[in-house]
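Engineer: Structure for this input, please:
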Amino acid sequence: MRSSKIAALSICSNTIIVLLKLIVGIFTGSVAIISEAIHSLLDLVASVIAFFSVKISNRPPDEDHPYGHGKFENISGTVETILIFVAGIWIIIESVEKLLHPSPIKLPMIGVVVMLIGALINWRVGKIVQKVGNETHSVAMQSNALHLLTDVYSSLGVAVSLILVSLTGWEFLDALIGIGIAIYIMKESIELGRKSFTPLLDTGLSSDELDQIVKVLNTFKSQFIEYHDLRTRRSGAEEHIDFHLVLPSDMSIEEAHILCDKIEDEIKNVLVDPKILIHVEPENERIQKLDILNAGEMQKL
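Structural biologist: Presented below is the predicted three-dimensional model:
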């Protein structure tokens with residue numbers, strides 16, 4: 001599976017980066033580099049979570065999970081969000097400690113080189129993961145890409161701070177940049193959390209996706225009476241859609257089936273992985289329902 005291979009790639013790249021940053025951070029004594037090592041370690045954990053959640057979510061429906069395993073991705077994305085937020089808090093604590101008890105940074109330019117190497121690797125891998133995540137609507141992959149790309153920006157920030165420390169001797173800049181990185185990381189985690197958690201509450205698809213579904217239905221409007229009770233929700237990379245379709249009473253079962261197949265095929269062309277359920281109603285049943293509703297309204301009057 002393509003998503004699993006890309007998730008495995010991010011695990012490999014993060015492992016290398018964590019080891020580089022941790023070794024150089026301990027050697028130089030830079031709290032910003034050590035904070036970045038912790039940030040990258042959480043990226044590695046997130047990559048492992050993404051790898052397994054993608055594998056689980058791709059399993060077919062079974063007796064215990066008749067609607068599939070897509071929400072495992074949303075759960076993993078939520079866990080990754082918490083990890084990012086915790087990383088931000090930890091970096092702030094360490095940075096404040098460094099401000100209160102400053103210590104010299106040894107050979108800061110070594111740290112600059114490592115930060116730039118890490119940023120380059122994560123930018124390349126992050127873009128690959130982001131592309132696959134967007135193509136497949138995989139929340140786990142999108143979350144993983146966000147981890148990698150935020151690591152790029154924070155690594156560049158640390159590189160700049162180390163250059164400034166080397167030029168000016170102002171070692172407090174190391175801690176200030178660390179705090180700035182933490183605030184940025186925490187902000188991104190909140191945005192990611194909204195995206196990961198809301199599908200667990202069966203939130204509907206986006207307005208753009210709904211518009212695409214309606215456009216498809218409108219292309220067939222000459223072949224049915226009307227549709228109603230359109231409902232949508234997301235589960236991992238899957239879009240779940242169901243609605244009632246009112247058809248002419250003289251339409252045969254075979255004709256109704258063919259029409260529903262055509263509608264489903266067109267919706268599948270505009271969405272990534274839709275699961276569609278269409279409840280067919282004959283026109284005379286609709287008329288009966290309207291008569292019952294109207295009778296009820298008259299009784300109230």
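Engineer: Wait, residue 146 touches residue 195, no?
Structural biologist: No - Residue 146 sits out of contact with residue 195 when judged by C-beta atoms under 8 Å, with a separation of 9.2 Å. For glycine as for every other residue, the C-beta is placed from the backbone atoms N, C-alpha and C.
Engineer: Show me which of those two is the more surrounded one.
Structural biologist: residue 146 (25 against 16; other C-beta atoms under 10 Å).
Engineer: Secondary structure class of that one, three-state.
Structural biologist: helix (DSSP: H, G, I helix; E, B strand; the rest coil).
Engineer: show me what contacts it?
Structural biologist: Shown in contact with residue 146 (C-beta atoms under 8 Å, 6 or more residues apart in numbering): 188, 192.
Engineer: where's it relative to residue 49, distance?
Structural biologist: For residue 146, the distance to residue 49 under the criterion C-beta to C-beta, to the nearest Å works out to 13 Å.
Engineer: residue ranges with poor pLDDT in the chain?
Structural biologist: Scanning the chain for pLDDT under 70 picks out the ranges 1-4, 58, 67, 69-70, 137, 139-140, 236-237, 285-301.
Engineer: Mark out where each domain of it begins and ends.
Structural biologist: Partitioning the chain according to automatic domain parsing yields domains covering residues 2-201, 207-300.
Engineer: Residue 47: neighbour count?
Structural biologist: If we define neighbours as other C-beta under 10 Å, then residue 47 has 27 of them.
Engineer: cool, and residue 39?
Structural biologist: 27.
Engineer: Quick check: it touching residue 153?
Structural biologist: No - using C-beta under 8 Å, residue 39 is not in contact with residue 153, being 10.7 Å away.
Engineer: Could I have the CA atoms of the helix or strand where residue 275 lies written out in CSV?
Structural biologist: Using DSSP states H and E, residue 275 sits within strand 274-282. Output in CSV follows, covering the C-alpha atoms of strand 274-282 (Å, rounded to 0.1, in the frame of the first residue of the first chain):
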residue,chain,number,x,y,z
PRO,A,274,-17.1,7.6,-0.9
LYS,A,275,-19.3,4.9,0.6
ILE,A,276,-22.8,5.6,-0.7
LEU,A,277,-26.2,4.4,0.4
ILE,A,278,-29.3,5.4,-1.6
HIS,A,279,-32.8,4.7,-0.3
VAL,A,280,-35.2,4.6,-3.2
GLU,A,281,-38.8,5.7,-2.7
PRO,A,282,-41.6,5.6,-5.3
